[in-house]
Structures are given as structure tokens and as C-alpha cells.
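Peer 1: Compute the structure for the input listed below.
(chains A, B, C and D)
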Protein chains: 4
Amino acid sequence: MHKQSFSIQQLLLKQIQIPNELLTSYVSLGLNEKEVMLLLQLQRFIQEGIDFPTPDQLSAYVTMKEQECALLLRGLVQKGMLTIVQQEEQGGKLTEAYCLNALWDKLFQPEENTQQNPETSEG
Amino acid sequence: MHKQSFSIQQLLLKQIQIPNELLTSYVSLGLNEKEVMLLLQLQRFIQEGIDFPTPDQLSAYVTMKEQECALLLRGLVQKGMLTIVQQEEQGGKLTEAYCLNALWDKLFQPEENTQQNPETSEG
Amino acid sequence: MHKQSFSIQQLLLKQIQIPNELLTSYVSLGLNEKEVMLLLQLQRFIQEGIDFPTPDQLSAYVTMKEQECALLLRGLVQKGMLTIVQQEEQGGKLTEAYCLNALWDKLFQPEENTQQNPETSEG
Amino acid sequence: MHKQSFSIQQLLLKQIQIPNELLTSYVSLGLNEKEVMLLLQLQRFIQEGIDFPTPDQLSAYVTMKEQECALLLRGLVQKGMLTIVQQEEQGGKLTEAYCLNALWDKLFQPEENTQQNPETSEG
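Peer 2: Model prediction:
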């Protein structure tokens, strides 16, 4: 009777996968816990098909207000951890989407970043 | 030249799985981003076979110093998000280990916590 | 130039998660490799939002023809590894969907099955 | 009463991640369900720290006997889906280990395999 609402299938389907590298290296990339959490929330939204959640949508799930979310997102874009790309929807309409590839590149190809950015703070 | 050190196999093997429910509900459980990050780091350590990382070990991967890690860990135990269990090692030696089951129970069986069913047999 | 089409983000988002228990226990549940592969393909389809793939759709991804897929699916339902549930879509229309919860229950609560089915072949 | 032995934590920690690409493309790589299952079992063993399971160990988890496992493993190596690498253990002892990177490369960099770029620096 109890545990009736828990479904192993839902647990399996509703997970996000995060490279350990993000957890072990975010500090050396210059990120803090709030920024990493925003990136995790973005990954979750993207996985659910929402490619461009607003700061307001994000703020419902973190301890930050909309304005702080907006500020941190802008910072993540400026630091090159996050990019905003244009996507063409089925009807030809252009929409924006967050893309985390820049983050993964920084985590997994640090030599590239150091080559190009001698002042980088990653090492 | 670049990407030579990147291994898809390593990426596949070195991931952490995070239930969406943790990301969507930690605020309502009374947790903040630093606390969630400590829980994620614990999960990563456990997955790598280190069941009882010290605050000092944890502090190497977060923006917090050892003392703040220790304080937050104690708080997580007090809030019932984290338990410390005794494990018997192969040689019969008793060791301590962090256990996150209390957290998952709170996330996935919320009815128990709010209703406090006295007759529940689950613990 | 090379590896240009590989995206870590796509790899992270396009995975299915399978309990080790399925890999270690399918033989004792009476399943073979073709049946497990159909279950994995179902999980992949469900994760992509297609809850009721046809045998024809499935046969595009396995070494089996449509008819063999249909036969094995029917067998999985008869063995109680797979159920077909009715779902209500947004417009109120009823559709069918595969549900793998019966499989997970068999894997993770074997005591229930043996209690209720003395003739079970799982042990 | 039931479900008492089920632990969400164990489920989270004991999962294997399978790229969708493997499920959608193994047939076009010339693999069948038994071969894919052996690869998944290898991945599971590797994840648990056993890098070179024997055909006998594998046969305990599949519908095949030891000899068939050995035959299929040899075929996977010959097809270039699987490599055996030498690893140096802590004491300096050399041990063998299965490596699935060749499989992932075939799945995620198909252009290389078909074009056979002699100047590629990755292979």
C-alpha cells in the first residue's frame, strides 16, 4: 500500500547524468556552487525538452530570485561556460537554446584553453 | 592534436546520476546549493569506493574550507538528510560510511514524512 | 577537423540507464538476449517520448524481423515482464503505452513473486 | 513488509549507462544481440573494477556457455569492436584489460572508418 507512488521506472527515466569531471573541477574553472546548480538545472530542462528556460523558471527551483539567476546566467555566458545558440524549429521559426558544449570542452580539453588563453585560471 | 586525451569510455564510466527529484525539490526540503553540492560530492566519493570522505577531502572540491564542510555535514545529519552507518569490512573491522538513503526516502516518499504514518513498516 | 560531429552534450543526453540487476539476473528470470534487447529498445523509445513503438519500428534496430519482434513482445507480456497500460493524452484521447515497472518489480522484489507464485521459475 | 530490501541508493549506484547510439546502430556495425550483451556485460564488469573477466565469468550471466562466449569475444576483437590492452598494476605487474574505446569510436566517428583517413592522429 505504501510506496505506491514510487516508481523505479520513473526514477530510471528522470535522472540527469553529470560527468564526475564537473564535480571535481568546477572550482578550478572559477565556478561556485550556485553557478554549478544553475548549469545542472539547465541540463535538466534541456533533457525535458525546454531548451531556453527563463531566469524566472529557473528561480522556482533554486534558493535564488529571478534577478540573481539572470545575473549568474549572464556571467556564465561571459566566462564562456554557456552559449546561446539559434535553433530552427519545425515551422522554420528561429528560437534560442542554451548549449553546454563549451563547458564540457573546457572540462575535457583544458590544453586547448590554456594554449589560447595564457591568463586562464584553470590550472 | 587536441582531444587526444579524451576518452568516451572514461566519460561513460565516470558519471554521476542525479535524480531530477533532487534538483526540483531540494529547496522545499530546506537545502541550499552548497548542501546539495556536498551531497553530490559524497555520492561521487561513495561511487568511487570512498564511503566516508573527511571534511578535508571534500573541501578540495568545493568553494568551502574544511570547517564549513564539517558544519554543513553535521547540519545534514541533524536534518535527517544523511546518516552515518557502521559497516563491517572484510577483516571484521568496523568502519563508518555515509548513507544517502534518508535523502532519497524524503524525496520519493514525501507522504510518510508529512503524514507520519505510525503504522508504516518501512522504518 | 575530425571528431567535429561528436558532441559530449549529445552523448550525455542520449543515454539509457539500466540497473545492473537486469544484466545479472535476466537469465534467472527466463529471458534471453533478444528479449532483453527488445526491453532496452523499449526503454530507449519511451525515453524519447514514444511510449508504444510498433514491432515494425522496433525491427529497424534489431536483427529480428517484425514478426519475431511481435512474437517476443507478446511473450514478454505473457511472462509478466511487460505490461500495456492505457494513458490519457492531453485531448482526452486514450492511447496505449508499454510499462516496464513489472520487470523492475520482478528484479527488485523477488520475494513477492515467489510468495505469490510458488511455481515461479526465477530462483 | 515487502520492498524492505530495496534501496534507492543501491539502484542509483548500480546502473550502467548505454549510449543510445549503441542501441540504434549495432546492427549496421554487424553485431547481433548476443554480442551486444557481451559488450554490456564487459562494461558492467569494468565499472565494478574487473577489467578482464574470463569467458567463464561472463557465461554465468548470459544464455551462452563458456565456449560460445570465448568465440564471440574473439570475433569482437577481430572485428575491431574490442581491444585488449596491457595495464600496469600498482606493483608494476602487467595485466590485461578489455577496452571498449574502439567500439565507441566506431559509433561516434563513423566518417573516419569509412573514409580511412591515413593522416588522422587519433587512431
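Peer 1: tell me which element the closest residue to residue A:38 other than its chain neighbours is part of?
Peer 2: Once flanking residues are discounted, residue A:38 sits nearest to residue A:72: 5.6 Å by C-beta to C-beta, 6 or more residues apart in numbering or on different chains. C-beta: built from backbone N, CA, C; applies to glycine. Under the criterion of DSSP states H and E, residue A:72 resides in helix A:66-78.
Peer 1: List the buried residues of that helix.
Peer 2: Buried residues in helix A:66-78, defined by neighbour count with 16 or more other C-beta atoms under 10 Å in any protein chain shown: A:68, A:69, A:70, A:72, A:73, A:76.
Peer 1: hmm, who's touching the helix or strand that that helix is followed by?
Peer 2: Per DSSP H and E, the first helix or strand lying C-terminal to helix A:66-78 is strand A:83-88. Contacts to strand A:83-88, defined as C-beta atoms under 8 Å, 6 or more residues apart in numbering or on different chains, come from residues A:51, A:52, A:77, A:94, A:95, A:96, A:97, A:98, A:99, A:101, A:102.
Peer 1: what does stretch A:24-35 give?
Peer 2: Outside stretch A:24-35, the residues that touch it by C-beta under 8 Å, 6+ apart are A:36, A:39, A:62-64, A:68, A:72, A:75-76, A:79, A:81, A:106-107, A:121-123, B:33-34, B:36-37, B:44, B:61-63.
Peer 1: If you count neighbours, what's buried in the longest helix anywhere in chain A?
Peer 2: Secondary structure assigned by DSSP state H gives helix A:33-47 as the longest helix of chain A. For helix A:33-47, burial by neighbour count (16+ other C-beta under 10 Å) applies to A:33-47.
Peer 1: tell me the angle of that helix relative to helix B:33-47?
Peer 2: Interaxial angle of helix A:33-47 relative to helix B:33-47 (axes from the mean of the first three to the mean of the last three C-alpha atoms, to 10 degrees): 70 degrees.
Peer 1: Identify the bridge partners of residue A:97.
Peer 2: Legend: beta-bridge partners of residue A:97 under DSSP bridges are residue A:85.
Peer 1: mind listing what residue A:79 touches?
Peer 2: With contacts defined as C-beta under 8 Å, 6+ apart, residue A:79 is in contact with A:30, A:31.
Peer 1: follow-up on the earlier one: which one of the buried residues of helix A:66-78 is nearest to chain D?
Peer 2: Looking at the buried residues of helix A:66-78 and their distance to chain D, the nearest is residue A:76, at 25.8 Å (C-beta to the nearest C-beta).
Peer 1: mind checking how far the residue nearest to the closest one when sequence neighbours are not counted is from residue A:41?
Peer 2: Nearest residue to residue A:76, sequence neighbours excluded (C-beta to C-beta, 6+ apart): residue A:82, at 4.2 Å. With distances taken as C-beta to C-beta, to the nearest Å, residue A:82 is found 12 Å from residue A:41.
Peer 1: and which of the buried residues of helix A:33-47 is nearest residue B:9?
Peer 2: The nearest member of the buried residues of helix A:33-47 to residue B:9, counting by C-beta to C-beta, is residue A:43 at 21.4 Å.
Peer 1: May I ask you to confirm that that closest one is in contact with residue A:19?
Peer 2: No - contact criterion C-beta atoms under 8 Å: residue A:43 and residue A:19 do not qualify, at 10.8 Å.
Peer 1: Between these two, which contacts overlap?
Peer 2: In terms of C-beta under 8 Å, 6+ apart, residue A:43 and residue A:19 are both contacted by the residues residue C:12.
Peer 1: Chain neighbours aside, what residue packs nearest to residue A:64?
Peer 2: With C-beta to C-beta, 6+ apart as the criterion, residue A:64 has its nearest non-adjacent residue at 6.5 Å, and that residue is residue A:34.
Peer 1: Mind pulling up the pLDDT for the one you found?
Peer 2: At residue A:34, the pLDDT value in this model is 98.
Peer 1: what about it, distance to residue B:52?
Peer 2: To residue B:52, residue A:34 is 27 Å away according to C-beta to C-beta.
Peer 1: cool, and residue A:77?
Peer 2: In this structure, residue A:77 and residue B:52 are 39 Å apart, going by C-beta to C-beta.
Peer 1: for residue A:108, same thing?
Peer 2: Counting by C-beta to C-beta, the gap from residue A:108 to residue B:52 is 29 Å.
Peer 1: repeat for residue A:85
Peer 2: 43 Å.
Peer 1: and those two? which has more neighbours close in?
Peer 2: Using other C-beta atoms under 10 Å in any protein chain shown, the more surrounded residue of residue A:85 and residue B:52 is residue B:52, with 15 against 12.
Peer 1: list the contacts for the residue nearest to residue A:38?
Peer 2: A:34, A:35, A:38, A:64.
Peer 1: Please apply the same query to residue A:42.
Peer 2: With contact set as C-beta under 8 Å, 6+ apart, residue A:42 has these partners: A:53, A:58, A:82, A:98, A:100.
Peer 1: Identify the residue nearest the first one in space, chain neighbours excluded?
Peer 2: Spatial nearest neighbour of residue A:53, chain neighbours left out: residue A:45 (4.4 Å); criterion: C-beta to C-beta, 6+ apart.
Peer 1: Can you give me the distance of that neighbour to residue C:47?
Peer 2: Look at residue A:45 and residue C:47: by C-beta to C-beta, they are 16 Å apart.
Peer 1: got the residues of chain A near chain C?
Peer 2: Applying C-beta under 8 Å from any C-beta of the partner chain, we find that chain A lies next to chain C at A:7-9, A:12-13, A:15, A:17-19, A:43, A:46-47, A:99-101, A:104-105, A:108.
Peer 1: switch the cut-off to 6 Å
Peer 2: When proximity is defined by C-beta under 6 Å from any C-beta of the partner chain, chain A lies next to chain C at A:7, A:8, A:9, A:12, A:13, A:17, A:47, A:100, A:101, A:104.
Peer 1: Of those residues, which belong to strands?
Peer 2: Counting by DSSP state E, the residues of chain A next to chain C place residue A:17 in strands.
Peer 1: Sort out which of the residues of chain A next to chain C are buried, if you could.
Peer 2: Buried subset of those (neighbour count, 16+ other C-beta under 10 Å): A:7, A:8, A:9, A:12, A:17, A:47, A:100, A:104.
Peer 1: how about the fourth one, what does it touch?
Peer 2: In other words, residue A:12. When contacts are counted by C-beta atoms under 6 Å, 6 or more residues apart in numbering or on different chains, residue A:12 is found next to residue C:17.
Peer 1: Give me the residue at the spatial middle of chain A.
Peer 2: Taking C-alpha atoms, centre = their mean, the centroid of chain A lies closest to residue A:39, which sits 2.4 Å from it.
Peer 1: Give me the local confidence score for it.
Peer 2: At residue A:39, the pLDDT value in this model is 98.
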